[in-house]
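Peer 1: no sequence on this one, just coordinates:
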């Protein structure tokens with residue numbers, strides 16, 4: 001056969017070798033790719049920091065793929081922290097692992113539920129302790145999680161289809177796996193008493209820093225940036 005010699009060695013057994021498999025050059029993406037098109041629901045919830053619009057987007061399997069939190073004015077510290085919260089949760093949804101995205105959503109809702117700040121808004125089942133608590137309630141409503149008193153969408157709607165002191169706009173209805181109810185509001189509004197909300201004050205931490213008369217002033221502690 002004209003064969004004069006054969007050398008067999010395990011890849012990586014020598015510091016230098018003529019051939020290698022190139023395994024070190026292949027780095028797998030730890031995140032699930034985002035589909036080109038997703039669908040979701042936006043929840044309007046009044047929080048102690050102002051009105052938040054929380055959007056939960058899903059893939060074709062109805063698994064959470066990303067979450068957005070919009071609150072406050074663009075460029076404010078509050079809007080920046082809300083964007084960071086949404087990006088962090090979205091990354092957690094898309095991580096590859098043993099837990100499904102929906103299981104991750106339940107764990108995130110569990111961790112965020114009950115986090116309180118300086119004050120809260122609302123009473124009873126509509127009580128919102130903070131922006132993270134509002135995110136937990138949005139996830140609980142969307143997937144029917146029963147976490148620390150957070151009610152499902154069906155329990156919020158009750159028998160008349162109206163949230164406490166608010167309205168519900170239903171765009172599509174799909175079967176809910178846990179409750180068995182055909183509930184999937186595309187927009188849920190928890191309307192509570194609106195108050196004038198500003199940015200976060202660097203001195204006292206209250207959401208009362210507003211820009212007026214050419215300067216940012218805190219209506220809570222009197223801090224001024226001028």
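Peer 2: Good, I have the coordinates. What you are looking at is a predicted structure, and each value in this text was computed from that prediction instead of being measured.
Peer 1: per-domain residue ranges of the protein.
Peer 2: 39-195, 196-226 (automatic domain parsing).
Peer 1: Need those domains in JSON lines (columns: distance to residue 29, mean pLDDT and mean neighbour count).
Peer 2: Placement of C-beta: from N, CA and C, glycine included. Below are the domains of the chain laid out as JSON lines (distance: least, CB to CB, whole Å; pLDDT from 0 to 100; neighbours: other CB atoms under 10 Å):
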{"stretch": "domain 39-195", "distance to residue 29": "8", "mean pLDDT": "75", "mean neighbour count": "17"}
{"stretch": "domain 196-226", "distance to residue 29": "35", "mean pLDDT": "80", "mean neighbour count": "15"}
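Peer 1: how much space between the closest residue to residue 223 other than its chain neighbours and residue 46?
Peer 2: In this structure, residue 223 finds its nearest non-sequential neighbour in residue 203, 3.9 Å apart by CB to CB, 6 or more residues apart in numbering. Residue 203 sits 25 Å away from residue 46, going by CB to CB, to the nearest Å.
Peer 1: One more: residue 211?
Peer 2: Residue 211 is 22 Å from residue 46, by CB to CB.
Peer 1: re the thing from before, any chance of a markdown table for the domains of the chain, columns distance to residue 3?
Peer 2: Output for the domains of the chain, formatted as a markdown table (distance: least, CB to CB, whole Å):
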| stretch | distance to residue 3 |
| --- | --- |
| domain 39-195 | 45 |
| domain 196-226 | 76 |
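Peer 1: of those domains, which approaches residue 31 most closely?
Peer 2: domain 39-195 (4.5 Å; CB to CB).
Peer 1: How about residues contacting stretch 211-226?
Peer 2: 198-199, 201-204, 206, 208-210 (CB atoms under 8 Å, 6 or more residues apart in numbering).
Peer 1: Likewise for stretch 96-107?
Peer 2: Here stretch 96-107 has contacts from 30-32, 63-65, 92-95, 139, 143, 145, 147, using CB under 8 Å, 6+ apart.
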